[in-house]
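Student: Fold the following, please.
(one chain, ligands or ions: 3)
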Amino acid sequence: MLTLLVDDDNFVLHVLSHQLEHIGREGIISYTQADLALAYLADNPSTIDLIFCDLQMPGMDGIEFIRRLATVDYSGALVIMSGEDERILHTAEKLARAHHLNVIGHLIKPSSLGAVEKLVAKVSDLRIESNAAPGAYSSDDLDNAITQGQLLNYYQPKVDLSNGKIVGVETLVRWAHPKDGLIFPDMFIELAEEAQLIDTLTRVVMRMALEHGCEWRRNGIDLGVAVNVSMDNLKSMDFPDYVQQTLNETDYPASHLTLEVTESRLMSDPLATLEVLTRLRLKRIGLSIDDFGTGHSSLSQLRDAPFDELKIDRGFVHGATDNRSQRAIFEGSLNMARQLGIKAVAEGIEDVSDWNYVLSTGCNFAQGYFIAKPMPAGDIAEWLSQWQEFYTRLNDDGDRQPGAIQ
Ligand code: C2E
Ligand code: CA
Ligand code: CA
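Tutor: Numbers count the residues shown, from 1 in each chain. Ligands and ions are numbered 1, 2, ... in the order given. The predicted model follows:
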């Protein structure tokens, strides 16, 4: 696969090409004009898996390039470069992500070999996307998938930062599509909500999760289980009874179950939702406010609903060490959790500096690829036995990569 460099400064292109070649990237194509780079991409789709793009360029600038890149369905990795203020770089990154581009980071010019090397290493870590495009599935496809048992649960561990103990797992649903492979939930949750399939989906996912939770307990692994629920689930008044019944049938303790709630769509009936949430809490089921800080989860929800956990969105966690705005929001959210007397979870710990930063803030729990990627239920026991050893080493020398043990 080829690498595409776009910068109006020939010297920058020259240095970066050398650095890339030095670390073994072959096939580098450079352009000083963004429109020509786009034309190349349009003619040669799927030959490029990495693009470095400058922000400040005469003619088409980096921001416009990013917007156009999204329209040519580029699915490789993107690195944004600038000699500008880091905040501008972060904003550009966000913009690119909002266009569903795979931004693997940014590069402050002049580029250092170490920084380029780190970025290139991330290209191979990119999630292997299925061939399916958004909107590729109909509600009938999903309906069939649910009834034919094609949904699978993956589980991502949640660690107590004060002692490294795994306190629970978050359930993340996958669709094992017979032709397209493993499909991630961002491809079908919205569809499930629109097609009124979300109740069935949540019930299937929850039952599987509680059954796995019981199986772990039988094997001496006592883990809490968190299940993501949609606001739409909380509209049905019989939802708490359904959850209670499933807990009874699977013999899983209510206090070990947490429901994670994101306000993905507007609350159509806030009173009814509040009633459902309160009844769930009365049953000792944990309630977690998910993606906190993203605008999906509002402060008024936190004020009104009986949440006992707050998950700080990964947008404020990963990279916080060198982003003052992120740290301000992270620490603000953490303080709010403390004052409300609820636990805080940091999502999206991707590297050792995220880990060290979050640890230093006194946040309660952590989740992220650095600790473990989501995995099938059967892998949890083996992962657990390795985690303790890595955690010990992490404490000893501070910069191991436990995520690498999978
Ligand atoms: P979420 O609840 O915020 O879940 C965390 C997502 O971040 C997961 O993506 C997880 O794989 C990913 N993640 C975990 N650690 C890291 C990290 O260190 N770095 C990065 N970049 N990402 C990380 P996934 O599995 O693709 O799920 C996406 C979203 O789909 C979830 O976001 C959740 O909102 C939704 N979802 C998943 N399962 C269900 C479900 O059963 N029901 C409903 N209603 N929604 C679900
Ligand atoms: Ca979640
Ligand atoms: Ca989240």
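
Student: Return the distance of Ala346 relative to Asp291.
Tutor: Counting by Cβ to Cβ, to the nearest Å, the gap from Ala346 to Asp291 is 12 Å. C-beta here means a position set from N, CA and C on the backbone, and glycine is covered the same way.

Student: Look at the two and report which has more neighbours.
Tutor: Ranked by neighbour count (other Cβ atoms under 10 Å), Ala346 and Asp291 place Ala346 first, with 30 against 19.

Student: Distance check, the more buried one against ligand 3.
Tutor: Distance of Ala346 to ligand 3, given as Cβ to the ion, to the nearest Å: 10 Å.

Student: just checking, that residue touches Val317?
Tutor: Yes. Ala346 is within contact range of Val317, at 4.9 Å (criterion: Cβ atoms under 8 Å).

Student: number of nearby residues for Ala115?
Tutor: Neighbours of Ala115 (other Cβ under 10 Å): 16.

Student: Leaving out chain neighbours, which residue sits closest to it?
Tutor: Leu107 (5.9 Å; Cβ to Cβ, 6 or more residues apart in numbering).

Student: give me the low-pLDDT residue ranges for this structure?
Tutor: By pLDDT under 70, the low-scoring segments of the chain are 125-135, 264-268, 296-297, 397-406.

Student: can you list the residues of it near ligand 3?
Tutor: With Cβ under 5 Å from the ion as the criterion, the chain comes near ligand 3 at residues Asp290, Asp291, Glu347.

Student: From these, which land in strands?
Tutor: Asp290, Asp291 (DSSP state E).

Student: so which of the residues of the chain next to ligand 3 also contact ligand 1?
Tutor: Asp290, Asp291 (Cβ under 6 Å from any ligand atom).

Student: Surely the residue nearest to Ala115 is within a strand?
Tutor: Yes. Counting by DSSP: H, G, I helix; E, B strand; the rest coil, Leu107 is part of a strand.

Student: Go ahead and confirm it touches Cys53.
Tutor: No. In this structure, Leu107 is not within contact of Cys53 by Cβ under 8 Å, at 9.8 Å.

Student: intersection of neighbour lists for the two?
Tutor: Val79, Ile80, Met81 (Cβ atoms under 8 Å, 6 or more residues apart in numbering).

Student: could you redo these as TSV and give each row distance to Asp269, secondary structure and neighbour count?
Tutor: Compiled in TSV, these are given as follows (distance: Cβ to Cβ, whole Å; DSSP: H, G, I helix; E, B strand; the rest coil; neighbours: other Cβ atoms under 10 Å):
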residue	distance to Asp269	secondary structure	neighbour count
Val79	45	strand	25
Ile80	42	strand	27
Met81	48	strand	25
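
Student: can you give me the helices for the chain?
Tutor: With helices called from DSSP state H, the chain shows them at 10-22, 34-43, 62-71, 86-98, 113-123, 139-147, 189-194, 198-218, 239-250, 270-282, 299-304, 324-340, 352-361, 380-397.

Student: Between helix 139-147 and the strand ranked longest in the chain, find me the angle.
Tutor: In the chain, taking DSSP E as the definition, the longest strand is strand 166-177. For strand 166-177 against helix 139-147, the angle between stretch directions is 130 degrees (axes from the mean of the first three to the mean of the last three Cα atoms, to 10 degrees).
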